[in-house]
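1. what's the 3D shape of this:
(one chain, ligands or ions: 1)
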Amino acid sequence: MGYNIAIDGPAGAGKSTIAKLVAKEKGYIYVDTGAMYRGMAIYFLEKNISPEDTETIAADCKNVKVTIGYEEGGQQVYLNGENITGKLREEAVGNMASKISAIPAVREALLGLQRDLAKTKDVVMDGRDIGTCVLPDADVKVFLTASVQTRAKRRFDELTEKGETCDLAEIEKDIEERDRRDMTREIAPLRQAEDATLVDSSDMTIPEVVAAITALCH
Ligand code: C5P
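-> The predicted structure follows:
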């Protein structure tokens, strides 16, 4: 069993930024489970299957193979052999991922892959259900959160920096909707594991959050 650090939390809490830095500092592998759900989402988007069509999606899951590769540019995600890393961050992909992640067959299909990675390697894994479901025996569990306003503002700044026009109120609404979906789904809902440490990053800098998490590792 590798050394496992689980970081869960709502959309936009900065999990991937923090998890990447913690992984770098510890020399561990960073596993972005959201990217796996996004990979699945691309498959169903490209096939034009509606997220409401849960029966078709459940039956088709066996034909989807999402794999992760580690190359110099960081984590690469493959969908049935094709590198789809460049498409993962699209808004439509995030929305589709948020919807299909409530379907049990989708979660089941990714669970084995996530556990296998953690079994053989030292990992920092981020997601929504890592501490509660995927790695209940993780060595360190963190629930990383921030206020809705803070998360929306960060996302707004990120998009503006990329030259995209966006609306802060709309981003806030979208984040709230995504939180609601993640927290109220029946299977593996987003919640803080009982033995997780709560880190609220609203008023913390990135280095402060990284230091708080690495201090928990022994
Ligand atoms: O974290 P990210 O925004 O990339 O995740 C995309 C979607 O995948 C989330 O909105 C969430 O619904 C889902 N997800 C999940 N469980 C995880 C990781 C992500 O349900 N462990």
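2. Can you pull the residues of this structure lying near the ligand?
-> Contact residues (C-beta under 6 Å from any ligand atom) of the chain with the ligand: 11, 33-34, 37-38, 94, 97-98, 101, 127-129, 178, 182. Every residue, glycine included, has its C-beta placed from N, CA and C.
3. Just the ones in helices from those, please.
-> Using DSSP state H, the members of the residues of the chain next to the ligand that fall within helices are 33-34, 37-38, 94, 97-98, 178, 182.
4. what's the closest of those to the ligand?
-> residue 34 (2.3 Å; C-beta to the nearest ligand atom).
5. Next, work out how far apart the residue nearest to residue 216 when sequence neighbours are not counted and residue 7 are.
-> Among residues not flanking residue 216 along the chain, residue 140 sits closest, at 4.9 Å (C-beta to C-beta, 6 or more residues apart in numbering). Per C-beta to C-beta, to the nearest Å, residue 140 is found 9 Å from residue 7.
6. Dump stretch 188-200 to PDB, keeping only the CA atoms.
-> Taking Å, rounded to 0.1, in the frame of the first residue of the first chain, the C-alpha atoms of stretch 188-200 are listed here in PDB:
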ATOM      1  CA  ALA A 188     -21.100   8.800  -2.600                       C
ATOM      2  CA  PRO A 189     -22.300  12.300  -1.900                       C
ATOM      3  CA  LEU A 190     -19.800  15.000  -1.200                       C
ATOM      4  CA  ARG A 191     -19.300  15.200   2.600                       C
ATOM      5  CA  GLN A 192     -16.400  15.600   5.000                       C
ATOM      6  CA  ALA A 193     -15.200  12.200   6.300                       C
ATOM      7  CA  GLU A 194     -15.400  11.900  10.100                       C
ATOM      8  CA  ASP A 195     -11.600  11.600  10.400                       C
ATOM      9  CA  ALA A 196     -10.800  14.400   7.900                       C
ATOM     10  CA  THR A 197      -9.200  17.700   8.800                       C
ATOM     11  CA  LEU A 198     -11.200  20.700   7.600                       C
ATOM     12  CA  VAL A 199      -9.200  23.400   5.900                       C
ATOM     13  CA  ASP A 200     -11.100  26.500   4.900                       C
END
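7. i'd like the first residue to be 436 from this point on
-> Got it, the first residue is 436 from now on, which makes the last one we talked about stretch 623-635.
8. Which strand residues bridge the nearest residue to residue 450 once chain neighbours are set aside?
-> Closest residue to residue 450 apart from its sequence neighbours, by C-beta to C-beta, 6+ apart: residue 561 at 4.2 Å. With DSSP bridges as the criterion, residue 561 is bridged to residue 442, residue 467.
9. burial measure for residue 561, as a count.
-> Residue 561 has 29 neighbouring residues, counting by other C-beta atoms under 10 Å.
10. what's near enough to touch it?
-> Residue 561 is in contact with 441-444, 450-451, 453-454, 465-469, counting by C-beta atoms under 8 Å, 6 or more residues apart in numbering.
11. at 6 Å instead, please
-> By C-beta atoms under 6 Å, 6 or more residues apart in numbering, residue 561 lies in contact with 442, 450, 454.
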